[in-house]
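predicted model follows, preceded by the sequence.
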Amino acid sequence: MARFELYNSRLSSQFYRLARWERRSHCRPSQINRPFHTRDAGMSESPIKLLLVDDEQDSRRSSARWMLRKGHDVTDVESAAEAMSLLEREHFDVGVFDMNMPGMSGLELLQRVQQDNIDIEVIMLTGQGTVETAVSAMKMGACDFISKPCSLGDLEFHCFRARERHELKKENKQLKAVISRTRPVAKLVGQSKSIREVARMIDKVAPTTKPVLIQGESGTGKEVVAQAIQQASQFADKPFVTVNCAALPENLVESELFGHQKGSFTGATAEKPGLFEIADGGTLFIDEIGELPLALQPKLLRVLEDGSLRRVGSHCERKVKVRIIAATNRNLKAEVDAGNFREDLYYRINVLSINLPPLRDRMGDIDGLIEHFLPKSYHLDSCVRDAFATYSWPGNIRQLINVLERATILADQFEISLDDLPDEIAHFGEIPPAFASGSSMVGGALSLETFQRMLGDPQFKLDDIVRVHVMEVLAREDGNKAGAARKLGIHRRKLYRLLDRFNGRPSVVKTTEERVCESIR
Ligand SMILES: Nc1ncnc2c1ncn2[C@@H]1O[C@H](COP(=O)(O)OP(=O)(O)OP(=O)(O)O)[C@@H](O)[C@H]1O
């Protein structure tokens, strides 16, 4: 609030000077269509979407005509009831409400607007001698008042000022959202050829406004790359809003992305802007875009095409300008072929793409990453370095960071040894004793031979085989469900359903595994 007031008081002296000039000059026809004070005062030149509510037809009509000639988008109505039904359907930047109208007064209309949390700046139009009422209207949330009769130049000036306040409020909301959603920007560590290529691509794509698709396994640094693009772009000081489609329940994705109107579904108790509106003017990072439900994909395509969107439950179309960066750990082309992802959307977001290689394909970066993430006082045993260099890092850099963090907690005297590493890394490459006699494990899953043995044994139910296989793949993926689902060739939601099913019945995994091992021996 303090910020608005300071800003307004600085601007108002300029405005009053300009408004005086406007009053003197608005009779000159050549000047009429120039929105001069927006340019001169550094304000946005875009037209104001204005709602005029006044029962006095002559003054309402002449105000509307003037504002239309100035290039604004004006709707005028003669009653508060009409205004209310319009406001439920359409978005306006500014409303000018006459205080005294038959039926619902301007003050009551303001009250309704406040109650319903409608996103509009309201200016009260007051008759002579009703300044006190105007002041109480401002206490109720009106941003300004104009005494009747007012000059048309004054009307436009007040509307500009209200719109400026509207934009500042929006910016304020965006900044709050940005502060609460973003993490500190991480430095892109790595000197391998592939990371240098990624850095080169970041420099190339950052200056454009085109969408970027970042592809790579989980934990390879897709969000780090997205942040680096935003930091190097013209949107660096604008909102950077992130959303993870996989982390949202399917029924909330639409409202989170596009916003909703009050009452549009159970629980929608107030109107809420979506992340596209919050990111307006900046960047929206859509993580795990491959998880976006098919039904919502046309809506995303629409925003990408012309920036237009509708909140859930609203007929009012809004425009946003958002730079989209999307990321996925799935093979999106394969998802298109499987009918899970729209082809037109795929081509739209895949204009510029960056592929992040998994850590196992750029082992040259390991030392640099260790140096970056390991506190200086710790020292790594040479066997640990060897183990790190041979391990396959399915969880990529995220896994490396976690392993280093764990090791610093377990280490004695700042010396990290093999004992401080998880077994699967310390003993990576060693054949598990249970499977030593035959190569039962192939690529992290049960071999055909083992399957055949299980299938031939009437004690094993089909579900047991599925369960052993799923658990085995999940363990190999370090519990990473997205990775496990990919390896299993099923959708992640199906994996969740399977795990729920397994958890909901008495555990037979151990005994089944033991039986598998026995049958192999
Ligand atoms: N090249 C890199 N330099 C420095 N830190 C990195 C790098 N790559 C990844 N990280 C770090 O690894 C962790 C995981 O990175 P990030 O969240 O960007 O991965 P992601 O690919 O987006 O993962 P997911 O697909 O699971 O969302 C973060 O802590 C990030 O800071």
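Cool, the structure landed. Numbering: from 1, shown residues only.

ends of stretch 303-312, what's the gap?
14 Å (C-alpha to C-alpha, to the nearest Å).

what comes up buried for it?
Within stretch 303-312, the residues that qualify as buried by neighbour count (16 or more other C-beta atoms under 10 Å) are 303, 304, 309, 310, 311, 312. Heads up, the C-betas are built off the backbone N, CA and C, glycines and all.

same question for stretch 386-401.
In stretch 386-401, counting by 16+ other C-beta under 10 Å, buried: 387, 388, 391, 393, 394, 395, 396, 397, 398, 399, 400, 401.

hmm, back to that, ok, so of the buried residues of stretch 303-312, who is nearest residue 293?
Residue 293 lies nearest to residue 312 out of these, by C-beta to C-beta, at 13.4 Å.

touching, residue 499 and residue 473? I think so.
No: assessed by C-beta atoms under 8 Å, residue 499 is found out of contact with residue 473, at 11.7 Å.

higher neighbour count, these two?
Between residue 499 and residue 473, counting by other C-beta atoms under 10 Å, residue 473 is the more crowded of the two (20 against 16).

so the more buried one sits in a strand?
No: counting by DSSP: H, G, I helix; E, B strand; the rest coil, residue 473 falls outside a strand, being helix.

where's it relative to residue 220, distance?
Applying C-beta to C-beta, to the nearest Å, the value for residue 473 to residue 220 is 20 Å.

phi, psi of the residue of the chain found nearest the ligand?
Nearest residue of the chain to the ligand (C-beta to the nearest ligand atom) works out as residue 221 at 2.4 Å. When read as degrees, to the nearest 10, the backbone of residue 221 gives phi 110, psi 30.

cool, and the one 10 residues further on?
Note on residue 231: its backbone torsions stand at phi -60, psi -30 [degrees, to the nearest 10].

mind checking pLDDT for it?
At residue 231, the model reports a pLDDT of 90.

next: residue 442.
38.

same question for residue 187.
Listed pLDDT for residue 187 reads 84.

show me the protein divided up by domain.
Domain assignment for the chain by the TED database gives 49-178, 193-357, 360-427, 448-504.

report the contact partners of residue 359.
219, 220, 365, 366, 393, 396, 397, 400 (C-beta atoms under 8 Å, 6 or more residues apart in numbering).

do the same with residue 269
Per C-beta under 8 Å, 6+ apart, neighbours of residue 269: residue 262.

now do the helices in the stretch 201-350 of the chain.
With DSSP state H, counting those that start in this stretch as the definition, the stretch 201-350 of the chain shows helices at residue ranges 222-231, 250-258, 275-278, 297-306, 332-337, 343-349.

which one of those has the lowest average pLDDT?
Among those, helix 250-258 scores lowest, at a mean of 88.

who in the stretch 201-350 of the chain is up against the ligand?
216, 218, 219, 220, 221, 222, 223, 224, 287, 327, 329 (C-beta under 6 Å from any ligand atom).

tell me where the stretch 351-500 of the chain has strands.
For the stretch 351-500 of the chain, the strands defined by DSSP state E, counting those that start in this stretch cover 352-356, 379-380, 415-416, 441-442, 445-446.

which of those has the lowest mean pLDDT?
Averaging pLDDT over each of those puts strand 441-442 lowest, since it has a mean of 39.

so residue 301 sits against residue 343, correct?
No: contact criterion C-beta under 8 Å: residue 301 and residue 343 do not qualify, at 10.6 Å.

of these two, who's got more company?
residue 301 (16 against 11).

would you mind giving the secondary structure of residue 160?
Strictly by three-state DSSP, residue 160 counts as helix.

what's around it, how many residues?
Residues near residue 160, counting by other C-beta under 10 Å: 24.

hang on, it packs against residue 46?
No: assessed by C-beta under 8 Å, residue 160 is found out of contact with residue 46, at 10.9 Å.

skipping its backbone neighbours, what lies nearest residue 82 in space?
residue 53 (7.8 Å; C-beta to C-beta, 6 or more residues apart in numbering).

what's near enough to touch that neighbour?
76-80, 82-83, 95-98, 101, 106, 109.

please repeat the previous calculation with a cut-off of 6 Å.
77, 83, 97 (C-beta atoms under 6 Å, 6 or more residues apart in numbering).

distance of it from residue 298?
36 Å.

same deal with residue 156?
Residue 156 is 39 Å from residue 298, by C-beta to C-beta.

higher neighbour count, the two?
residue 156 (23 against 11).

quick revisit: JSON lines for the residues of the stretch 201-350 of the chain next to the ligand, including neighbour count and distance to residue 273?
Shown next, in JSON lines, are these (neighbours: other C-beta atoms under 10 Å; distance: C-beta to C-beta, whole Å):
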{"residue": "216", "neighbour count": "19", "distance to residue 273": "31"}
{"residue": "218", "neighbour count": "19", "distance to residue 273": "30"}
{"residue": "219", "neighbour count": "24", "distance to residue 273": "32"}
{"residue": "220", "neighbour count": "26", "distance to residue 273": "32"}
{"residue": "221", "neighbour count": "22", "distance to residue 273": "30"}
{"residue": "222", "neighbour count": "24", "distance to residue 273": "26"}
{"residue": "223", "neighbour count": "19", "distance to residue 273": "23"}
{"residue": "224", "neighbour count": "19", "distance to residue 273": "28"}
{"residue": "287", "neighbour count": "21", "distance to residue 273": "20"}
{"residue": "327", "neighbour count": "25", "distance to residue 273": "23"}
{"residue": "329", "neighbour count": "24", "distance to residue 273": "29"}
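
can you name the residues of the stretch 401-521 of the chain that neighbour the ligand?
Counting by C-beta under 6 Å from any ligand atom, the stretch 401-521 of the chain sits next to the ligand at residue 401.

what segments of the stretch 401-521 of the chain are helices?
Counting by DSSP H, counting those that start in this stretch, the helices of the stretch 401-521 of the chain are 423-426, 448-456, 462-476, 481-488, 492-503, 509-520.

in the fifth one, what counts as buried?
Going back to what we said before, that points to helix 492-503. For helix 492-503, using 16+ other C-beta under 10 Å, the buried residues are 492, 495, 498, 499, 502.

then the first one?
Judged by neighbour count using 16+ other C-beta under 10 Å, the buried positions of helix 423-426 are 425, 426.

just how off-centre is that helix within its chain?
Chain-centre distance of helix 423-426: 37 Å, with C-alpha atoms, centre = their mean, to the nearest Å.

mean confidence for it?
On average, helix 423-426 scores 84.

for that helix, which outside residues touch it?
387, 391, 418.

and the last one, how far is that from residue 387?
In other words, residue 418. 6 Å.

the residue nearest to residue 202 when sequence neighbours are not counted: neighbour count?
Excluding the flanking residues, the one nearest residue 202 by C-beta to C-beta, 6+ apart is residue 228, at 5.0 Å. Per other C-beta under 10 Å, the neighbour tally for residue 228 reads 20.

fine by me, we can end here.
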